[in-house]
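A.B. asks: can't give you the sequence, but here's the structure:
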Ligand SMILES: [Zn+2]
């Protein structure tokens with residue numbers, strides 16, 4: 001599997017003990033991360049555990065344990081070992097912070113080991129799992145799953161692919177008392193609409209799930225369902241209002257120290273609100289989505305914040321997601337309403353330019369000074385004639401050069417779709433040459 005160096009460094013920056021093999025087989029119980037879990041006692045009887053790309057929080061009380069999240073399917077056995085090396089109290093509850101593949105699929109190992117926890121989630125999580133069942137092929141593709149080693153590429157071929165919650169709650173709060181200690185399960189929305197974060201008031205600790213990750217929020221993923229920037233800001237402010245001393249995030253390192261945490265949460269909230277407000281104002285002014293995105297300016301202190309680097313998502317993608325939330329799918333250009341195919345448009349541009357080779361030449365020139373613009377010209381050349389070797393090379397070179405200059409994993413991955421298309425076109429070309437009938441593929 002191709003995994004370019006800057007994608008690996010972005011993934012490692014975002015996800016800690018990131019394993020390429022596990023990331024391509026997220027539902028495989030036989031694909032652990034290959035790392036020893038990192039275990040840190042961040043407060044008395046409170047542990048941060050990082051088995052792989054995701055974090056887990058463990059609270060021990062006199063009566064039993066609360067585990068917040070349980071990792072990817074392949075993390076399950078290592079988590080059982082880690083938890084049982086820390087405490088022999090019964091596992092009272094597993095809380096799912098949301099239904100994502102890296103957080104809610106390791107519970108099977110606890111159940112197989114004979115543990116009998118309640119599995120607690122917000123009621124929206126059930127819908128999240130149901131959506132996985134409806135769109136499991138889509139999700140496998142969108143998430144680049146190799147899959148099919150010992151199970152489905154993405155959960156959802158059957159109900160038994162999930163460890164369903166045994167208890168759900170509606171509304172914003174579920175109070176849980178274990179060992180005489182109160183825990184608050186708070187519902188929010190951010191990366192998903194089923195988010196839960198756990199507040200342990202006697203310890204000053206929040207287990208935040210992906211509402212806190214130590215990098216710029218994944219609130220605008222280009223190929224994924226709606227994210228919730230405004231509610232994410234609400235959740236960050238609600239956390240800040242509690243003055244926590246430790247946050248165990250869904251990914252990355254723990255956040256510690258009241259002041260640093262306040263700074264992180266309030267800056268994150270302001271950053272998201274800034275994007276949300278810019279888009280809503282633009283929509284209300286009747287601007288085209290493209291013009292709203294182009295005119296987005298982010299204050300430098302947000303961009304430079306050490307806990308909000310753009311290693312995964314980008315502000316422009318969050319802005320697009322806000323546009324999508326409040327408006328329709330159309331980008332507002334009349335010709336785009338019922339468009340000619342991109343290939344027809346590209347062929348016309350190529351003809352006007354004097355041929356595909358003219359586009360290749362221009363894209364190559366532009367790549368020296370403006371990779372964004374060069375990407376369009378290179379794409380026209382390729383779409384005008386996918387069989388043209390020079391157009392293939394140019395498209396792959398320009399888009400790779402651009403991806404290599406990016407820090408955000410989602411930008412890198414999606415720009416590199418061009419490389420896959422070029423590889424497919426080259427393969428189709430070889431197959432065509434081999435075909436004695438000469439039939440087009
Ligand atoms: Zn996550």
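C.D. replies: Received it, and whenever you're ready, just let me know what you need. All figures in this text were calculated on a predicted structure; none of them were measured in a lab.

A.B. asks: residues near the residue of the stretch 301-441 of the chain found nearest the ion, how many?
C.D. replies: Proximity of the stretch 301-441 of the chain to the ion (Cβ to the ion) peaks at residue 312, 9.8 Å away. Where C-beta positions appear, they are placed from N, C-alpha and C, glycine not excepted. Other residues near residue 312 come to 23 when the count uses other Cβ atoms under 10 Å.

A.B. asks: ok so it is a helix residue?
C.D. replies: No - under DSSP: H, G, I helix; E, B strand; the rest coil, residue 312 sits outside any helix and is assigned coil.

A.B. asks: report the contact partners of it.
C.D. replies: 10, 14, 213, 215-216, 218, 408-410 (Cβ atoms under 8 Å, 6 or more residues apart in numbering).

A.B. asks: ok, and which of those residues reach the ion?
C.D. replies: Subset of the contacts of residue 312 in contact with the ion: empty, counting by Cβ under 5 Å from the ion.

A.B. asks: just give me the closest of those residues to residue 239.
C.D. replies: Checking the contacts of residue 312 against residue 239 by Cβ to Cβ gives residue 213 as the nearest, at 13.0 Å.

A.B. asks: just the pLDDT for that closest one.
C.D. replies: Residue 213 carries a pLDDT value of 97.

A.B. asks: again with residue 433
C.D. replies: Each residue has a pLDDT score; the one for residue 433 is 62.

A.B. asks: bridged to the closest residue to residue 172 other than its chain neighbours, which residues?
C.D. replies: Distances taken as Cβ to Cβ, 6 or more residues apart in numbering put residue 187 closest to residue 172, at 4.9 Å, once the chain neighbours are dropped. With DSSP bridges as the criterion, residue 187 is bridged to residue 196.

A.B. asks: got the residues of the stretch 151-300 of the chain near the ion?
C.D. replies: For the stretch 151-300 of the chain, the residues found near the ion under the criterion Cβ under 5 Å from the ion are 210, 250.

A.B. asks: name the helix or strand for the closest residue to residue 190 other than its chain neighbours, please.
C.D. replies: Using Cβ to Cβ, 6+ apart and skipping the chain neighbours, the partner closest in space to residue 190 is residue 232 (3.7 Å). Element membership for residue 232, per DSSP states H and E: helix 229-240.

A.B. asks: pull up the distance across stretch 47-63, start to finish.
C.D. replies: 17 Å (Cα to Cα, to the nearest Å).

A.B. asks: tell me the phi and psi of the residue of the stretch 301-441 of the chain closest to the ion?
C.D. replies: phi -120, psi -60 (degrees, to the nearest 10).

A.B. asks: confidence score at it?
C.D. replies: Reading off the model, residue 312 has pLDDT 96.

A.B. asks: so how far is residue 12 from it?
C.D. replies: Noted for residue 312: a distance of 12 Å to residue 12, by Cβ to Cβ, to the nearest Å.

A.B. asks: got it, and residue 367?
C.D. replies: Counting by Cβ to Cβ - residue 367 and residue 12 are separated by 28 Å.

A.B. asks: between the two, tell me which one has more neighbours.
C.D. replies: Neighbours were counted for residue 367 and for residue 12 using other Cβ under 10 Å; residue 367 has more, 20 against 15.

A.B. asks: these two touch, right, that one and residue 395?
C.D. replies: No - at 10.9 Å, residue 367 does not count as touching residue 395 under the criterion of Cβ atoms under 8 Å.

A.B. asks: overlap of the contact sets of the two?
C.D. replies: Listed as contacting both residue 367 and residue 395 by Cβ under 8 Å, 6+ apart are residue 378.

A.B. asks: quick check: closest non-adjacent residue to the one residue sitting closest to the centre of the chain.
C.D. replies: Nearest to the geometric centre of the chain sits residue 218, at 5.7 Å (Cα atoms, centre = their mean). Counting by Cβ to Cβ, 6+ apart, residue 218 lies nearest to residue 313, which is 4.8 Å off, once chain neighbours are set aside.

A.B. asks: quick check: the one you found vs residue 53, distance?
C.D. replies: Going from residue 313 to residue 53 by Cβ to Cβ gives 16 Å.

A.B. asks: same check on residue 212?
C.D. replies: 16 Å.

A.B. asks: pick out whichever of those two has more residues nearby.
C.D. replies: residue 212 (31 against 23).

A.B. asks: three-state assignment of the more buried one?
C.D. replies: Three-state assignment for residue 212 (three-state DSSP): coil.

A.B. asks: next, give phi and psi for the closest residue to the ion within the stretch 1-150 of the chain.
C.D. replies: Going by Cβ to the ion, the ion is nearest to residue 102 of the stretch 1-150 of the chain, at 4.6 Å. Dihedral angles of residue 102 (phi, psi; degrees, to the nearest 10) stand at phi -90, psi 0.

A.B. asks: number of residues surrounding it?
C.D. replies: 24.

A.B. asks: report how many residues lie close to the closest residue in space to it that isn't next to it in sequence.
C.D. replies: Distances taken as Cβ to Cβ, 6+ apart place residue 54 nearest to residue 102, at 4.3 Å, with adjacent residues excluded. Neighbourhood size, residue 54 [other Cβ under 10 Å]: 31.

A.B. asks: how about the helices in the stretch 1-150 of the chain?
C.D. replies: Assigned by DSSP state H, counting those that start in this stretch, the stretch 1-150 of the chain shows helices spanning 5-15, 20-23, 76-86, 107-112, 124-134, 136-142.

A.B. asks: ok, how many other residues are close to residue 116?
C.D. replies: Residue 116: 10 surrounding residues under other Cβ under 10 Å.
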